[in-house]
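1. Mind folding the following:
(one chain, ligands or ions: 2)
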Amino acid sequence: MKQTSKIFVAGHRGLVGSAILRHLRALSYTNIITCRHAELDLTDQAAVNAFFDAEKPEYIFLAAAKVGGIMANNTYPADFIRENLLIQTNVIDAAYHHGVKKLLFLGSSCIYPRMAPQPMKEEYLLTGPLEPTNSAYAIAKIAGIETCRSYNRQHGTHFVPVMPTNLYGPNDNFDLFSSHVLPAMIRKFHLAKLASQGNFEAIDQDEARFGPIPDDIRTSLSSSQEIPKVTLWGTGQPRREFLYADDLADACVYLMKNYEETELVNIGTGRDHTIRELAEKVRDIVGFKGEMVFDTSKPDGTPKKLLDVSKLEAIGWQAKIRVDQGIQKAYEWYASF
Ligand SMILES: NC(=O)C1=CN([C@@H]2O[C@H](COP(=O)(O)OP(=O)(O)OC[C@H]3O[C@@H](n4cnc5c(N)ncnc54)[C@H](OP(=O)(O)O)[C@@H]3O)[C@@H](O)[C@H]2O)C=CC1
Ligand SMILES: C[C@H]1O[C@H](OP(=O)(O)OP(=O)(O)OC[C@H]2O[C@@H](n3cnc4c(=O)[nH]c(N)nc43)[C@H](O)[C@@H]2O)[C@@H](O)[C@@H](O)C1=O
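-> Residues are numbered from 1 along each chain as shown. Ligands and ions are numbered 1, 2, ... in the order given. Just a heads-up that it's a prediction; the model follows:
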C-alpha cells in the first residue's frame with residue numbers, strides 16, 4: 001500500500017473507521033475515500049457496485065457493520081445477522097469484481113466458542129457452541145471469514161479477516177442501551193458525578209450530545225440530595241480484554257502493509273480484567289465518589305474473553321496503550337463536549 005494508493009475506509013464515522021482514518025491521515029496517505037451511511041447504504045448491492053464502478057478503490061478497510069453491546073445484540077439478533085451478512089457480502093463481492101488488491105475484514109472475538117480455552121487461539125474457530133447473547137452477530141462474522149477464505153481460494157484474492165477484542169475510544173457509541181460496557185461506564189459514572197455536584201445543566205447538555213438518558217437512570221440522578229448509585233449490569237465477574245481504537249487502527253494499517261498471508265489474525269492486548277475491576281478504574285478516572293451496584297437480572301454474556309495474540313506478535317505488532325491510559329484518553333474525549 002503506497003502513500004498515493006486509493007484506500008476506501010468503510011464505516012469511517014464509527015469508532016474503528018474514524019480511528020483508521022485518523023491514522024492514515026497522520027501517516028500522510030493522500031488518496032482516501034469515504035462515504036457516509038446516509039449517501040451509501042452498504043446493504044444495497046446495486047448501490048455498492050455503482051460506488052465501486054465510480055471510485056475504483058485499491059485497498060479496503062471494511063469497518064462498516066451493525067455493532068452493539070450485549071443488550072442490543074440480545075434484543076435485535078435479526079437486524080445483526082441480516083445487516084452484517086449483507087454489508088460484508090456486498091463489499092467483498094464488489095472488491096473481487098473490481099480487482100481490489102487487498103481488503104481487511106473486521107470480525108470480532110465473539111466468533112470463538114463461549115467456553116473456548118483461554119487465551120483464544122485462531123484455530124479455536126468452529127470448535128464449540130457460541131455465546132447465545134450474540135450468536136447471530138457471531139455467525140454473520142464467521143460467514144465473513146469464510147467468505148474471505150472462499151474468494152481467496154476460488155479467485156486468488158487477498159482478503160484478510162482480522163479479529164479484534166473489545167474496543168473503545170473516540171466516536172464510540174455512548175447510548176446507554178445499545179453501547180458496549182466501557183462507554184456505558186464512562187457515561188454512567190460521569191452523569192452520577194455531575195448529579196452529585198448538582199450540575200443538572202451539564203446533564204441536559206450531555207443528553208443533547210450523546211442521546212437519551214433512560215428513565216431509571218434519570219430518576220436516580222435527579223431526585224435526591226444524596227450521591228446517586230451507579231448501576232452496572234450482570235455480576236461484575238466476567239472477564240474482558242480492551243484495546244484502544246487508535247492501537248487497533250495502528251494494527252490494521254500494519255497488517256495491511258506487512259501481512260502477506262490471508263488466514264485470520266487476532267488483535268488484542270493479551271490482558272484481561274473483570275468487569276468489576278474495570279468499573280473501579282473508570283470510577284477513579286472519572287472521579288466519582290459514590291457507590292456502584294450490580295443488577296444481576298441483566299446478562300453476563302461470555303464468562304471470559306481473552307485473545308491469544310502470539311500470532312500478531314510474531315508478525316511484529318504489539319499494543320502500546322495501557323488500559324488506564326486508554327480510559328483516560330477516552331474520558332477526555334467524551335468530557336470535551
Ligand atoms: N466496538 C467494538 O468493541 C468492536 C468492534 N469490532 C468490529 O469493528 C468494526 C467497526 O465497529 P465499530 O467502529 O465499533 O462500530 P460503529 O457502530 O462505531 O461504526 C460502524 C460504522 O458502520 C456504518 N454503517 C453501519 N451500517 C451501515 C450501512 N448499512 N451502510 C453504510 N454504513 C453503515 C455506521 O454508520 P452509521 O453510524 O451512520 O450507521 C458506522 O459509521 C465492526 O466490524 C465490528 O464488528 C470488533 C470487535 C469489537
Ligand atoms: C465486542 C463484543 O461486545 C458484545 O459482547 P460483550 O463483551 O458481552 O459486551 P458488552 O461490552 O456489552 O458487555 C461486557 C460485560 O459488561 C457487563 N456490563 C456491566 N455494565 C454494563 C453496561 O452498563 N453496559 C454494557 N453494555 N455492559 C455492561 C455486561 O453485562 C457484560 O458482562 C457483543 O455484542 C459481541 O458481539 C462483541 O463482539
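2. Okay, residue 59 and ligand 2: tell me how far apart.
-> Relative to ligand 2, residue 59 is positioned 24 Å away (C-beta to the nearest ligand atom, to the nearest Å). C-beta: built from backbone N, CA, C; applies to glycine.
3. residues in contact with whichever residue of the chain sits closest to ligand 1?
-> In the chain, no residue comes nearer to ligand 1 than residue 14, which is 1.9 Å away by C-beta to the nearest ligand atom. Each residue near residue 14 by C-beta atoms under 8 Å, 6 or more residues apart in numbering is listed here: 63-64, 67, 171.
4. Can I get the residues you listed in JSON lines including pLDDT?
-> Compiled in JSON lines, those are given as follows (pLDDT from 0 to 100):
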{"residue": "63", "pLDDT": "98"}
{"residue": "64", "pLDDT": "98"}
{"residue": "67", "pLDDT": "98"}
{"residue": "171", "pLDDT": "98"}
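5. For those, work out which two are farthest apart.
-> 64 and 171 (13.4 Å; C-beta to C-beta).
6. out of these two, which sits in the more crowded spot?
-> residue 64 (26 against 17; other C-beta atoms under 10 Å).
7. a helix runs through that one, doesn't it?
-> No: secondary structure of residue 64 (DSSP: H, G, I helix; E, B strand; the rest coil): coil, not part of a helix.
8. so what's the nearest residue to it once chain neighbours are set aside up against?
-> Once flanking residues are discounted, residue 64 sits nearest to residue 11: 3.2 Å by C-beta to C-beta, 6 or more residues apart in numbering. When contacts are counted by C-beta under 8 Å, 6+ apart, residue 11 is found next to 17, 62-65.
9. distance of residue 11 from residue 62?
-> Per C-beta to C-beta, to the nearest Å, residue 11 is found 8 Å from residue 62.
10. now residue 258
-> Relative to residue 62, and taking C-beta to C-beta, residue 258 is found at 19 Å.
11. Between the two, tell me which one has more neighbours.
-> More neighbours surround residue 62 than the other of residue 258 and residue 62, with 27 against 11 (other C-beta under 10 Å).
12. tell me which residues form a beta bridge with the more buried one?
-> Beta bridges link residue 62 to residue 10, residue 105, judged by DSSP bridges.
13. For it, list the residues it contacts.
-> When contacts are taken as C-beta under 8 Å, 6+ apart, residue 62 is in contact with 10-11, 87-88, 91-92, 103-106.
14. now do residue 222
-> Contacts of residue 222 by C-beta under 8 Å, 6+ apart are 195, 200.
15. and it, what pLDDT?
-> Note on residue 222: pLDDT of 82.
16. Now do it against residue 186, distance only.
-> Distance, residue 222 to residue 186, using C-beta to C-beta: 20 Å.
17. Please apply the same query to residue 134.
-> In terms of C-beta to C-beta, residue 134 sits 22 Å off from residue 186.
18. Give the buried residues for the worst-scoring helix or strand of the chain on mean pLDDT.
-> When the helices and strands of the chain are scored by mean pLDDT, DSSP states H and E, helix 215-222 comes last with a mean of 91. Neighbour counts over helix 215-222 (16 or more other C-beta atoms under 10 Å) mark 217, 220-221 as buried.
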